[in-house]
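Colleague: the sequence isn't on hand, but the structure is:
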Ligand code: TYD
Ligand code: MG
C-alpha cells in the first residue's frame, strides 16, 4: 500500500523529490527541502468527503466536442462592477473565473483583507440588482464582529454577504452546502495559512497542512464551480509554508505590494491560468477602502506642470509595467568638489555607472569630480533600459557642462559651448564663462519626456513598446518626446498629432536639442 510515503518538497519552488537534497534540484535554493509525509491517515479522511471527485464513475473523460460546445459558458466570468471592480477584473484577466482558486499574497497590513472584503461586497451587491452571487467571507483571523465592524466602517451593506469565522478548512467548504441550494452561485473569500484539516499531520500553517488545505479548496472550487479567493501572508523566504508551494496549486496568484509609508498599492499577477501576468492594478488607500488610481502616472509625477515650476535635475522617463505605461520622474544631483561617489535610489547602480561613463566620454561632461545622486521619485524602481535617456538628461540638467577638449580643465564645472552653436570665445572670456556657468543649472523645459536606451558610444537604441509609450506621453498632455532616431518613422506612422516626436541619433544630439 501507500503507507507513510515521505517526499521532500522545496519550500521555495515546490519541487518535489524522493529524497533529501541540500540544494533544491529545481531552483537551486539551499536548505529549503522540507520533509512532507503523505500519511495514510491524512488522506483517508479526505478521500471520504463527498466533494472529492474520487468515485470511478465521476472520473470520466469528456469528448472534446462536448467541451467545446460549452466553451462560451466556460469563458463566462463573474462581473465585477464599478471602477474598483473593473480594475481587479483587469488584473484577473477579464473577471473572476467561476471555479477558480485565487491567492492574494502580500505583507501583513498591506490591505489583503480589505481587498477581499471589497470584492465580496461588489459581488454580493451585484446580487441585489439580479446580477451576481451570495458571498461567504470566511476569516481565520478575525471574529465575525470584527469583520462586521470593518464592513460597517467601509459602508458595505450588501444583503447577500455572509460572514463566518473559522480556521477549519472544511467549514468554508461545507458552508455553501448548508446555506445555499445553488452551488454554482457562490463565491468564497478566505484567509489561508491559518487553515487546517483535522486529520492531516502538522500544525496549522505548516507545509503539509497548507498544501493539503489548499488542494482541498481547489478540488472544492473545481467541483462546485465556486470561485475562492485566498488571502495569505506570504513571506519571501524562510517560511516553511512558503508561497511557492501554494503557487503551484492555485489557479492564480496576485501579489499585493506597497510601501509602508506610501498609500499606493499595486496588485500584480505572478501566475494566472486564465489571463496574462502582464497586468498591474494600481490602487490608493483611502480612509478605509482601496480606490482605483485611473492615471497611475500621477503617482510618480509632480503636481501640475506650470512654467514657473521648472526644476533642474528632473527628467521624465516612460516605463512599462505589464501592459501599462507609466511616466516617472528621475532626479539627479551633482555635487562638485567632493569625493567621487555615486548614490543611486531606484536605479541599477551598474546601469547608472555606465550612463555616467558615457556622458563623460561621449558628451564631454566633467563628472569626475562630482558626487552624483540619482533618485526615482515615489520610490518606484527603474528596471528598464528605456529610462537611460531620462537618467542622462537629468544628470545633464544638473551638471554644468564642460567645454570639450583639453583646453579648459578646471576643478569647477564648465559649460559646453558647443551647445550654443560652437561659438569661439577668447581665452579670457572662456574663463569667465566657466565661472559664470559653474553655478548655473539647466532645467529641462516642462512637457518633455524621454524614451530610449543608451549604448556605450552614446548612441540611442529603441526599446519595446515605443508606440505605446509615446501615445501615453501624448495622452498625458506632453509637448515633446525625445526618442531614438530609429523609432521616429514607426512613431510618425501612428499619427501622434498632439505631440512632437523628436528622433535623435546620440546623446550629443539630445543635449543640443533639449538644453
Ligand atoms: P488589511 O486589509 O487588514 O491588511 P492585511 O489583510 O493585508 O493584513 O489592512 C490593514 C489596515 O489598513 C487595516 O487597519 C485597515 C487599513 N486600511 C485602510 O485604512 N484603508 C485602505 O484602503 C486599506 C486597504 C487598509
Ligand atoms: Mg488580513
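Modeller: Now that the structure is in, tell me what you want to look at. Keep in mind it's a predicted model, so treat the numbers as computed, not measured. Ligands and ions are numbered 1, 2, ... in the order given.
Colleague: what residues does the protein put near ligand 1?
Modeller: By Cβ under 6 Å from any ligand atom, the residues of the chain that approach ligand 1 are 106, 108-114, 285-286, 288-290. To be clear about C-beta, it is placed using only N, CA and C from the backbone, and glycine gets the same treatment.
Colleague: can you redo those residues as JSON lines with pLDDT and neighbour count?
Modeller: Output for those, formatted as JSON lines (pLDDT from 0 to 100; neighbours: other Cβ atoms under 10 Å):
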{"residue": "106", "pLDDT": "81", "neighbour count": "22"}
{"residue": "108", "pLDDT": "80", "neighbour count": "10"}
{"residue": "109", "pLDDT": "84", "neighbour count": "11"}
{"residue": "110", "pLDDT": "86", "neighbour count": "22"}
{"residue": "111", "pLDDT": "89", "neighbour count": "21"}
{"residue": "112", "pLDDT": "87", "neighbour count": "25"}
{"residue": "113", "pLDDT": "87", "neighbour count": "20"}
{"residue": "114", "pLDDT": "90", "neighbour count": "20"}
{"residue": "285", "pLDDT": "89", "neighbour count": "16"}
{"residue": "286", "pLDDT": "88", "neighbour count": "9"}
{"residue": "288", "pLDDT": "84", "neighbour count": "14"}
{"residue": "289", "pLDDT": "89", "neighbour count": "19"}
{"residue": "290", "pLDDT": "92", "neighbour count": "24"}
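Colleague: which of the residues you listed lies closest to residue 268?
Modeller: residue 106 (9.9 Å; Cβ to Cβ).
Colleague: ok, that closest one to residue 256 distance?
Modeller: Distance, residue 106 to residue 256, by Cβ to Cβ, to the nearest Å: 4 Å.
Colleague: on that earlier part again, in strands only, show me the residues of the chain next to ligand 1.
Modeller: 106, 285, 290 (DSSP state E).
Colleague: residue 99: neighbour count?
Modeller: 18 (other Cβ atoms under 10 Å).
Colleague: picking up where we left off before, and the residues of the chain next to ligand 1, which two are the farthest apart?
Modeller: Longest span within those, Cβ to Cβ: 108 and 286, 19.8 Å.
Colleague: wait, residue 30 touches residue 12, no?
Modeller: No - counting by Cβ atoms under 8 Å, residue 30 sits too far from residue 12 to count as a contact (9.7 Å).
Colleague: more neighbours, these two?
Modeller: Neighbours were counted for residue 30 and for residue 12 using other Cβ under 10 Å; residue 12 has more, 24 against 10.
Colleague: please report the distance of the more buried one from residue 31.
Modeller: From residue 12 to residue 31 the distance is 10 Å (Cβ to Cβ).
Colleague: residue 454 now?
Modeller: 41 Å.
Colleague: give me the more crowded residue out of the two.
Modeller: residue 454 (25 against 12).
Colleague: apart from its chain neighbours, what residue comes closest to that one?
Modeller: Closest residue to residue 454 apart from its sequence neighbours, by Cβ to Cβ, 6 or more residues apart in numbering: residue 388 at 4.0 Å.
Colleague: next: residue 492.
Modeller: residue 501 (6.9 Å).
Colleague: for the one you found, give me the pLDDT.
Modeller: pLDDT recorded at residue 501 is 92.
Colleague: over to residue 83?
Modeller: For residue 83, pLDDT reads 90.
Colleague: which residues are in contact with the helix or strand containing it?
Modeller: Taking DSSP states H and E as the definition, residue 83 sits inside helix 82-91. For helix 82-91, the external contacting residues (Cβ atoms under 8 Å, 6 or more residues apart in numbering) are 77, 79-80, 95-96, 115, 118-119, 122, 254, 267-269, 279-283, 289-292, 294.
Colleague: narrow these to those that are buried.
Modeller: 77, 80, 95-96, 115, 118-119, 122, 254, 267-269, 279-283, 289-292 (16 or more other Cβ atoms under 10 Å).
Colleague: which residues touch the residue in the stretch 151-300 of the chain positioned nearest to ligand 1?
Modeller: Nearest to ligand 1 in the stretch 151-300 of the chain, going by Cβ to the nearest ligand atom, is residue 285, at a distance of 3.4 Å. Counting by Cβ under 8 Å, 6+ apart, residue 285 touches 111, 258, 263-265, 291.
Colleague: so for those, which is the shakiest by pLDDT?
Modeller: Scoring these by pLDDT puts residue 258 last, at 77.
Colleague: what sits closest to that one if chain neighbours are left out?
Modeller: That would be residue 265: by Cβ to Cβ, 6+ apart, it lies 4.2 Å from residue 258.
Colleague: from the contact counts, what lies against the helix or strand where the one you found lies?
Modeller: The secondary structure element spanning residue 265 is strand 264-272 (assigned by DSSP H and E). If you count contacts as 3 or more Cβ pairs under 8 Å, 6 or more residues apart in numbering; DSSP states H and E, strand 264-272 packs onto helix 82-91, strand 252-257, strand 281-285.
Colleague: coming back round to it: residue 367 versus the residue of the stretch 151-300 of the chain closest to ligand 1, what's the distance?
Modeller: The value you get for residue 285 to residue 367, if Cβ to Cβ is used, is 40 Å.
Colleague: over to residue 256?
Modeller: From residue 256 across to residue 367, the span is 40 Å (Cβ to Cβ).
Colleague: anything in contact with each of residue 30 and residue 12?
Modeller: With Cβ under 8 Å, 6+ apart as the test, residue 30 and residue 12 both reach residue 24.
Colleague: now do residue 385: how many residues are near it, please.
Modeller: 18.
Colleague: confidence score at the closest residue in space to it that isn't next to it in sequence?
Modeller: Nearest residue to residue 385 in three dimensions, chain neighbours excluded: residue 453, at 3.9 Å (Cβ to Cβ, 6+ apart). The model reports residue 453 with a pLDDT of 96.
Colleague: contacting residues around residue 453?
Modeller: Taking Cβ under 8 Å, 6+ apart, one finds 385-386, 388-389, 460-463, 484 in contact with residue 453.
Colleague: what is the nearest of those to ligand 1?
Modeller: For the contacts of residue 453, the nearest to ligand 1 is residue 386 (30.8 Å; Cβ to the nearest ligand atom).
Colleague: show me the contacts for that closest one.
Modeller: Counted by Cβ under 8 Å, 6+ apart, residue 386 has contacts 317-320, 451-453, 463, 469.
Colleague: as JSON lines, those residues with secondary structure and distance to residue 333 would be great.
Modeller: As requested, the contacts of residue 386 are arranged in JSON lines below (DSSP: H, G, I helix; E, B strand; the rest coil; distance: Cβ to Cβ, whole Å):
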{"residue": "317", "secondary structure": "strand", "distance to residue 333": "17"}
{"residue": "318", "secondary structure": "strand", "distance to residue 333": "22"}
{"residue": "319", "secondary structure": "strand", "distance to residue 333": "21"}
{"residue": "320", "secondary structure": "strand", "distance to residue 333": "27"}
{"residue": "451", "secondary structure": "coil", "distance to residue 333": "23"}
{"residue": "452", "secondary structure": "coil", "distance to residue 333": "22"}
{"residue": "453", "secondary structure": "strand", "distance to residue 333": "23"}
{"residue": "463", "secondary structure": "coil", "distance to residue 333": "26"}
{"residue": "469", "secondary structure": "helix", "distance to residue 333": "26"}
